[in-house]
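Chemist: Build me a structure from this.
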Amino acid sequence: MPHFLKRRNRRVAPAPESNGDKPKEIPKQPRGRAKTQNLCQQVEWFGFRNPGNLCYVNSSLQSLITLKGFINDIIMQVEVWKGIAEAQLIRAFINILILHRSTDAERKCQAVYVFKCILSKKNPEFQNQGQKDAHEFIVTVLDQLRNLAPLLRQEAALVGRKYRCPVEEHFIFKMESTRTCKGCGAQSSRDEEFSNLSLNLVPGASVQDVLQNYLKETDIDFNCGCGAKRSGQQSSFATLPKILMLHLKRFTYSRPMQLEKLHCAVDVFRELMVTSRQGDGWYSLVSVVSHLGIKGQQVDLHNFCTLRHLI
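Modeler: Next up, the predicted model:
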């Protein structure tokens with residue numbers, strides 16, 4: 001668990017009473033093949049190796065793998081996408097899902113490289129082996145999966161089926177942006193689709209606080225017909241997604257317009273309440289992606305969290 005996660009209730013086991021009894025002997029750990037077999041029996045999921053700079057790829061894909069509803073929607077429609085050449089990204093993703101339980105490091109590494117190469121055909125910024133932003137990568141994955149939807153709907157209709165885009169079903173939501181004139185109070189609103197929200201970090205705040213700060217009204221320059229030149233603009237949730245992905249921005253511009261890194265800790269709790277036009281919705285924390293790149297004595301943190309709606 002990343003060090004900036006804070007639990008509200010931390011339980012500590014009581015110290016054993018000293019009654020003069022001889023302490024129990026610690027059982028010896030199995031070695032060799034027996035140790036590997038024992039480990040496989042205890043661990044359901046295994047991670048992926050990070051040759052080169054693949055950590056942003058591995059962490060993003062493993063975060064998606066934890067989303068059971070999203071994964072089930074892809075698998076249940078295998079008859080639609082399995083024979084479509086353009087759907088190779090979906091097939092590569094399902095291959096990674098299958099290999100997640102494997103202990104074959106070479107096959108898993110190859111599967112990740114194949115997925116990255118397929119993604120890079122339309123987004124060449126991910127072709128090289130340099131470090132990339134995990135948030136940009138996972139948004140690109142969702143965008144490419146969603147862009148396949150029109151073709152897959154067309155192909156499904158030819159065989160009497162229907163295709164539901166898993167990204168649209170689980171990630172897409174609408175935000176309402178309302179502008180209010182400071183002079184006459186005239187308002188105008190519009191809805192815009194999102195798959196995630198990027199939030200400015202507030203020192204000493206929790207994710208709930210950062211989200212509320214994003215939803216506050218801000219002043220903007222706008223020339224109204226009444227002659228006023230200032231308006232207030234506020235965003236609110238019009239609809240709620242099944243899966244809410246929040247990106248915490250750790251970069252900001254200082255007054256001399258220089259990029260500055262924020263290293264403050266963020267409190268992340270197990271549950272989050274979000275209000276929308278449809279009513280209140282509760283979300284439970286599913287995963288946190290946090291990149292720690294240590295350079296000398298400095299630790300860089302880039303993170304986002306994924307939350308699942310409690311139905």
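Chemist: so which strand or helix has the spatially closest residue to Q144 that is not a sequence neighbour?
Modeler: Distance criterion Cβ to Cβ, 6 or more residues apart in numbering; nearest residue to Q144, sequence neighbours excluded, is L89 at 5.7 Å. (C-beta placed from N, C-alpha, C; glycine too.) Taking DSSP states H and E as the definition, one finds L89 inside helix 88-99.
Chemist: State the next helix or strand along the chain beyond that helix.
Modeler: For helix 88-99, the succeeding helix or strand toward the C-terminus, using DSSP H and E, is helix 105-120.
Chemist: Give me the contacts around that next one.
Modeler: 48-49, 51, 54, 57-58, 61, 88-89, 92-93, 95-96, 99-100, 102, 126-127, 140-141, 144 (Cβ atoms under 8 Å, 6 or more residues apart in numbering).
Chemist: Now the helix or strand hosting W282: buried residues?
Modeler: Assigned by DSSP H and E, W282 belongs to strand 279-295. For strand 279-295, the neighbour count (16 or more other Cβ atoms under 10 Å) marks G281, Y283, L285, V286, S287, V288, V289, S290, H291 as buried.
Chemist: swap in stretch 107-123?
Modeler: Buried, per 16+ other Cβ under 10 Å, within stretch 107-123: K108, C109, A111, V112, F115, K116, I118, L119.
Chemist: And for stretch 91-109?
Modeler: R91, A92, F93, I94, N95, I96, L97, L99, H100, K108, C109.
Chemist: show me where the stretch 1-150 of the chain has helices.
Modeler: Using DSSP state H, counting those that start in this stretch, the helices found in the stretch 1-150 of the chain span residues 32-42, 55-65, 68-75, 78-81, 88-99, 105-120, 134-147, 149-158.
Chemist: and the second one, how far from the chain's centre?
Modeler: Read that as helix 55-65. 9 Å (Cα atoms, centre = their mean, to the nearest Å).
Chemist: name the helices or strands packed onto it?
Modeler: In terms of contacts (3 or more Cβ pairs under 8 Å, 6 or more residues apart in numbering; DSSP states H and E), helix 55-65 is packed against helix 68-75, helix 88-99, helix 105-120, helix 134-147, strand 279-295.
Chemist: would K216 count as being in a helix?
Modeler: No: judged by DSSP: H, G, I helix; E, B strand; the rest coil, K216 forms no part of a helix; its state is coil.
Chemist: On the strand side of things, show who the closest residue to it other than its chain neighbours bridges to.
Modeler: Here the nearest residue to K216 in space, its sequence neighbours aside, is Q234; by Cβ to Cβ, 6+ apart that works out to 7.1 Å. Q234 has these beta-bridge partners by DSSP bridges: T178.
Chemist: Quick check: Q234 vs Y214, distance?
Modeler: Per Cβ to Cβ, to the nearest Å, Q234 is found 10 Å from Y214.
Chemist: cool, and N128?
Modeler: For N128, the distance to Y214 (Cβ to Cβ) stands at 33 Å.
Chemist: again, but for Q110
Modeler: Q110 sits at a distance of 40 Å from Y214 (criterion: Cβ to Cβ).
Chemist: quick one, what contacts C226?
Modeler: Counting by Cβ under 8 Å, 6+ apart, C226 touches C181, G183, C184, A186.
Chemist: Cool, thanks, signing off.
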